[in-house]
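# Predicted coordinates and the sequence they were generated for:
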Amino acid sequence: MTKLIFCDFETNEGAVDRQLTDVWCLGYKLQGAPPQVVTDNIKDVLQSFIDDGYVPVFHNAAFDLWVAESIGVQNIKAFHDTMLIHYLVAPTESHSLASLGEVLGYPKLTSSSFNDGYTEQMGTYCKRDVEITEAAFNEYYKLLSSIKPLQSLYFSVELPFIRCIIDMEVRGVHVDKERWFDVLKGLEAEQLELLDDPLLKSVPPQLGRKSKTKRMRPDEQVSTDPEIGKWCLVEHGEEYKWAMWEPFNPASSQQVGNVLGLDKSDSDTLEECGNPLASIILKYRKVTKMLSTYGESLLKQTHADDRLHGSYNQTVTRTGRLSSSKPNLQNIPSRGDIGGVIRSLFIAPPGRKLVSIDLDQFQLRIYSWYLHNMVDTGEFPDADALWLDFNNNPNADPHQAKADVLGIPRGVAKTLNFAVLFGASPAKAAVTAGTTVEEMKGFFETQDSLFPSGKVLRDTIIKAVRSNRGVLFDLYGRRGWYPEVNESDWGLKGRAERQAFNFIIQATEATIVKMIIIEARQRLLGKADLIMTVHDEITFECDLDKAESVRVILDDVVNNTPWLPGLKVTGTATIGDNWHDVH
DNA sequence: TTTGCGCGCGCG
DNA sequence: AAAGCGCGCGCGCAAA
């Protein structure tokens, strides 16, 4: 029987940004014993338990395990994570310790922030947290163990992956601050230029925020003439409110919609409306997004080591993918000229190189695998077409292949392929691909007649999830929960069906990518540091002289490992000085 | 001034 | 007949 010790650290708040300055206390609890809290010799206390064979149980080990090892605790070979366990058994619920506490009979204590050293109250909190951790482990580990594939997913993928997360968060990614400032300057100039556009400046003033508390001063006057600075009484639902005329703000989606006479003001709508003002606004939006979200904000979040240390969240998505936050390093611009410029600011420091690999068409490969394995290829021979292409043709290009068969441009075929994975309508696909809806309807029909197995697979999955009360499993036992597939409301039902179908593909993708990252990191320990991943892309950083051997190993891990029988996984590892160059 | 939400948009 | 999967963040807006 494994001896368990339930643990929780209280630290300075900055620790979430990987700047551990103070560890206030360690709360711990042995099974059948009351919770304890220690403030002195924390490292030695925990180390003695580890040396004694105790296995620590954390809630969010990516943090607490890192704290433990940062203060010098060694030889933590095995550990558990109740947050991860709860994520696997109840993926759609909240996994915070507080919510688990509520469910398990430990109501919330009144909150306060701990950032000024140890207090009695902190100790009380900490002890309570380890009690909840134990209760959660007792409750959910049993459940996990009763579902064998899920248990195996936990032990062989999710738990080991924590090491990868700690590496990426602690290492972070180096950025070129100097050049970043130059890029910012350029963007600012562009923004000013756009604001100076005569067409934009000719837009009349718009009504600003509405207030019901506004009282008129004697020297003010109500005016319905759009004159900047004048107040106006406007209808607001059932009542009237005061509003002031303000200069047109192209950053306000509401104002843009009003000015252009559109219900929505997203880029598709603006492009379609054909108004020259709309194209100025689109340019303004683009440069503003780059400036605020990816310019100033990212620069501000760069640490003293000139690196961005984002968080990778393992218990957020419904599909088993990671999410990234503070900052989100998974939505850094990459497309177009400006995308290339931004990504080129993510660099290898002097004497180092980036080595990165992208998995080719991974979701389509998994889709083809499901077609091959779940559809009767005797009855529907087309079910093997995509799969055979991927397995026999090293340079398979499924978008071009579909384009050739349907006699359409590659871009349109690409949209069609994504429409299959996501369940898009012809109308939506038409907007994306820039065709008419009628044309796209025709393409859908041709596609369905040439590749009928697609619908067969979809129907098989939907039928299974319906009869299983909305629960489904991907290849590795990850649970998806979409009870709305049995709703009568066609909107809810339709969405749930699309989500459920996409789940088996995206979840399988996510798990295999995690396995690849675990293996690659393991093979490259001491040679290269895992620094980033963006869903189907893995990036390491290493010393200059090791780059070529790192590239060879990374390439080998991806291309020459039988990740899933019948699934051909490919990618090309690339060496470069910045994130733009390695793609 | 702070908080919460919807919109729009960046990525795979 | 109608239907885009999975995320996080900055902004505008309105209420607290």
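Done, it's in. Numbering: from 1, shown residues only, chains lettered A, B, ... in the order given.
# what number of residues lie near residue A:422?
Residue A:422 has 16 neighbours, counted by other CB atoms under 10 Å. Backbone N, C-alpha and C define where each C-beta goes, glycine included.
# list the contacts for the closest residue to it other than its chain neighbours?
Distances taken as CB to CB, 6 or more residues apart in numbering place residue A:502 nearest to residue A:422, at 6.1 Å, with adjacent residues excluded. Residues counted as contacts of residue A:502 (CB atoms under 8 Å, 6 or more residues apart in numbering) are A:319, A:421, A:422, A:423.
# Can I take it that the first one is in a helix?
No: the assignment for residue A:319, made by DSSP: H, G, I helix; E, B strand; the rest coil, is coil rather than a helix.
# tally of neighbours for it?
Residues near residue A:319, counting by other CB under 10 Å: 19.
# List the contacts of it.
Residue A:319 touches A:478, A:480, A:502, A:503, A:506, A:507, A:510, counting by CB under 8 Å, 6+ apart.
# how near is it to residue A:425?
22 Å (CB to CB, to the nearest Å).
# I figured residue A:12 hits residue A:67, correct?
No: counting by CB atoms under 8 Å, residue A:12 does not reach residue A:67; the two are 10.6 Å apart.
# Touching the helix or strand of chain A with the lowest mean pLDDT from outside, list them.
Within chain A, confidence by mean pLDDT, DSSP states H and E is lowest for strand A:231-236 among all helices and strands, at a mean of 83. With contacts defined as CB under 8 Å, 6+ apart, strand A:231-236 is touched by A:207, A:210, A:214, A:216, A:220-224, A:240-245.
# Between residue A:12 and residue A:67, which is the more surrounded one?
Shown here are residue A:12 and residue A:67; by other CB under 10 Å, residue A:67 has more neighbours (22 against 16).
# what's the closest non-adjacent residue to the more buried one?
Spatially, and ignoring its direct neighbours in sequence, residue A:67 is nearest to residue A:9 (4.7 Å; CB to CB, 6+ apart).
# what about that neighbour, neighbour count?
Neighbours of residue A:9 using other CB under 10 Å come to 25.
# Check residue A:181 too.
Quick note: residue A:181 (other CB under 10 Å) scores 12 neighbours.
# Doesn't it lie inside a strand?
No: under three-state DSSP, residue A:181 falls outside any strand and is assigned helix.
# farthest-separated two in the contacts of strand A:231-236?
Pairwise distances among these were taken by CB to CB; the largest, 18.4 Å, belongs to A:210 and A:221.
# Residue A:187 - how many residues pack around it?
Residue A:187: 23 neighbours (other CB under 10 Å).
# I misspoke; the intended subject was residue A:394.
Neighbour number of residue A:394 under other CB under 10 Å is 10.
# re the thing from before, for the contacts of residue A:319, which one is nearest residue A:356?
Residue A:356 has its nearest neighbour among the contacts of residue A:319 in residue A:510, at 18.6 Å by CB to CB.
# any idea how far the nearest residue to that closest one once chain neighbours are set aside is from residue A:479?
Leaving aside its chain neighbours, residue A:510 sits nearest to residue A:320 (3.9 Å; criterion: CB to CB, 6+ apart). According to CB to CB, residue A:320 stands 10 Å off from residue A:479.
# Please consider this matter closed, and thank you.
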